[in-house]
Structures are given as structure tokens and as C-alpha cells.
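In: would you be able to build a 3D model of this:
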Amino acid sequence: MPEESTPTTETTENTPVTETSESTPVTATPESAGSPETAAATERSGTAEGAGGAGGGAVRAGSVARAFGLGCLGCGGVALAAVLALVLVLMWNASDGTDLPRVAPEDMADRAFRHSQEAYDVMGFTRTVQPGVEDAGVSPQNTLGAEYCYDGGTFGLEDKTVDGAYRLYHEWALDRVPASRAVPGLRRLHQHLRDEGWEVSSYREGGRHKDWMLYVKREGEGRLSFIWDPERQYFTGGSATRCAYDPGWKGGGTEAYEPDSAADAVDVPALGPGRL
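Out: Numbers count the residues shown, from 1 in each chain. Coordinates of the predicted model:
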């Protein structure tokens, strides 16, 4: 534990500030990386990106027609193909919102905890963080929350919640994390997650005065985020699952589904070294 409480800044002092974007950068700010609002915005932005991709498909279709010498004779067919492609893409995006697995909150929570515990071990932390938080953003944290899932509607242009569906997120944090622990730990975690098949959305080595950040995602699993504030020596981690239907939700009543009920059904375990 001494290595997590002794302030050390030598590691970052000579480290140049570097930023990489190995995929589409996440738009979340450090303070909201694990929040329900950020995850919901991320889901909704996916629909818009999908629609944009369809527009690109229309341009490519026109180029192909001209390459084959179809000229205006092919304009009608190309336009029709572009419209059909756009409709198919939008319908695909819409179906993403409701075509979800039915998974018990306990099972989803286990996945989120496992990812957090794995990252905790790779970082080399030695303290045990009990469930709960005394002062969010300042003291150690180990909490579980839930949020709504969204559906784009028939054409992927709507923004409505999916009744009976939830997304869980596990948030954890440690105070008094010096550079000697955070810097090599984050670099090691970055490489480890890549080796394990996670796609790195954004990675930044912030130097002495900027936050160090790592965001990753994996198909069928969800998203992970890690941020270290060198000035406050505060490290935060987040693990968000994919959306799923709550098997305990029967529907058909007058009360709307509340995702918090999924999180409330799960007991948060302690986070500590060697618990996998």
C-alpha cells in the first residue's frame, strides 16, 4: 500500500504528451465517462453514424455506375438502389435497439465486475475497496448503477426507451494513486486489453497536468473507461455492459420499467487484488 500513497511525479515529468485515436474517439468527458447520460448519448450517436454511412454508400453507387458508362441511363436505378440501401441501414439501426438478449441482472453484473477486477489486477493495485462511496470524485468508490436503453424506431430516427431493457455500469475509483503506479499501470492495461481483443476507442498519455485516459469497447461485451488525474492523484474506472431485457419484467401493467430495479437486485462485491 505504500506505493499507492507516496506522491511521485518523476514518471510523468519527462513523459511527452501523446494522443492516439485507434478508432472513432469517444466524445465523453472524463467527468461523465461512466455516467448514464454519456452511455445513452453514445448509443444514440451510433444511429446517426449508421445513417451517415448509408449516404456514403449512395455516392459510391453513383461512382460505380459512371465507371461502367451507364451515365444518366443508370441514374434512376442508382437512385433507387441508394434509397433502398438507406432504408435497409436505417432499419438495421432500428432493430439494434430492440433485438436484445434476455439476461438476468446478476449475470450482467458479474460480467461488469469481472472486467473491473481484471483491470484492477493488471494495474497492480493492492488496496481493497468496499462497496459504496463516501465522497464521489474524492474518496474510493465501488458502486453499481443502471440506465435505460434506447430504440431508434422504424427508420432509426426516433429516440425512445426500450421497455424492460437495461444497461448496467460498475464504477470504481481510488485516491492517492501516484504516477509511479498509474503511468506504468495504464500502459500495461492498454496493451493487455488490445491483446484480449478489445478495440481501443481512445488513448491519451496526458503528462503532468492533463488527465491520462483509456477507452475501449468489444462487440457483445460493452465498454470500459479509465482516467487518471495526475494533479489530484485520483484514478477512476468504469465497466458498462451491453443492453439486455430483464427476465423479471413482465410488462403489460400501468407502471413503466425502471432500470434501477436491475441494479438494486445485485449485491456489489468488494474490489481487491487477486479476486478473479
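
In: what's the nearest residue to Arg275 if we skip its chain neighbours?
Out: Distances taken as C-beta to C-beta, 6 or more residues apart in numbering put Gln117 closest to Arg275, at 5.5 Å, once the chain neighbours are dropped. For every residue, glycine as well, the C-beta is placed using N, CA and C.

In: quick one: the one you found is in a helix?
Out: Yes. Assigned with DSSP: H, G, I helix; E, B strand; the rest coil, Gln117 falls within a helix.

In: can you get me a residue count around it?
Out: 21 (other C-beta atoms under 10 Å).

In: make 20 the first number, not 1, from now on.
Out: Sure, I'll start counting at 20 from here, so that last one is Gln136.

In: and it, what does it touch?
Out: Counting by C-beta atoms under 8 Å, 6 or more residues apart in numbering, Gln136 makes contact with Leu290, Arg294, Leu295.

In: mind naming the longest strand for the chain?
Out: Counting residues, the longest strand in the chain under DSSP state E turns out to be strand 184-193.

In: next structured bit after that strand?
Out: Of the helices and strands lying after strand 184-193 in sequence (DSSP states H and E), the nearest is helix 198-214.

In: return the list of helices and strands in contact with that next one.
Out: Counting contacts by 3 or more C-beta pairs under 8 Å, 6 or more residues apart in numbering; DSSP states H and E, helix 198-214 packs against helix 21-24, helix 29-32, helix 124-142, strand 218-224, strand 231-237, strand 241-248.

In: just flag whichever of these has the lowest average confidence.
Out: Note on the helices and strands packed on helix 198-214: helix 29-32 shows the lowest mean pLDDT, a mean of 40.

In: quick one: average pLDDT of stretch 186-198?
Out: pLDDT averaged over stretch 186-198 gives 97.

In: returning to what we had before: distance of the residue nearest to Arg294 from Glu238?
Out: 21 Å (C-beta to C-beta, to the nearest Å).

In: for Met142, same thing?
Out: In this view, Met142 and Glu238 are 24 Å apart by C-beta to C-beta.

In: pull the number of nearby residues for Gly293.
Out: Gly293 has 8 neighbouring residues, counting by other C-beta under 10 Å.

In: show me the contacts for it.
Out: Asp140.

In: how about Val141?
Out: Gly204, Arg207, Leu208, His211.

In: isn't the third one right up against Phe245?
Out: Yes. Taking contacts as C-beta atoms under 8 Å, Leu208 lies within contact range of Phe245: 6.7 Å.

In: list residues touching both of the two?
Out: By C-beta under 8 Å, 6+ apart, the residues touching both Leu208 and Phe245 are Ala138, Leu233.

In: if you count neighbours, what's buried in stretch 191-201?
Out: Trp191, Ala192, Leu193, Asp194, Arg195, Val196, Pro197, Ala198, Ser199, Arg200, Ala201 (16 or more other C-beta atoms under 10 Å).

In: wait, Pro278 sits on Ala165?
Out: Yes. If you go by C-beta under 8 Å, Pro278 and Ala165 touch, sitting 3.9 Å apart.

In: give me the common contacts of these two.
Out: Counting by C-beta under 8 Å, 6+ apart, the residues touching both Pro278 and Ala165 are Tyr185, Arg186.

In: could the contacts of Gln136 go into JSON lines alongside secondary structure?
Out: Shown next, in JSON lines, are the contacts of Gln136 (three-state DSSP):
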{"residue": "Leu290", "secondary structure": "strand"}
{"residue": "Arg294", "secondary structure": "coil"}
{"residue": "Leu295", "secondary structure": "coil"}
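
In: quick one: which of these has the lowest pLDDT value?
Out: Least confident of those in the model: Leu295, at 72.

In: I'd assumed Ser135 was in contact with it.
Out: No. With contact defined as C-beta under 8 Å, Leu295 does not count as touching Ser135 (10.5 Å).

In: among these two, which residue is more densely surrounded?
Out: Ser135 (22 against 9).

In: okay, now the closest residue to that one other than its chain neighbours: neighbour count?
Out: Spatial nearest neighbour of Ser135, chain neighbours left out: Ser258 (4.7 Å); criterion: C-beta to C-beta, 6+ apart. Neighbours of Ser258 under the rule other C-beta under 10 Å: 27.
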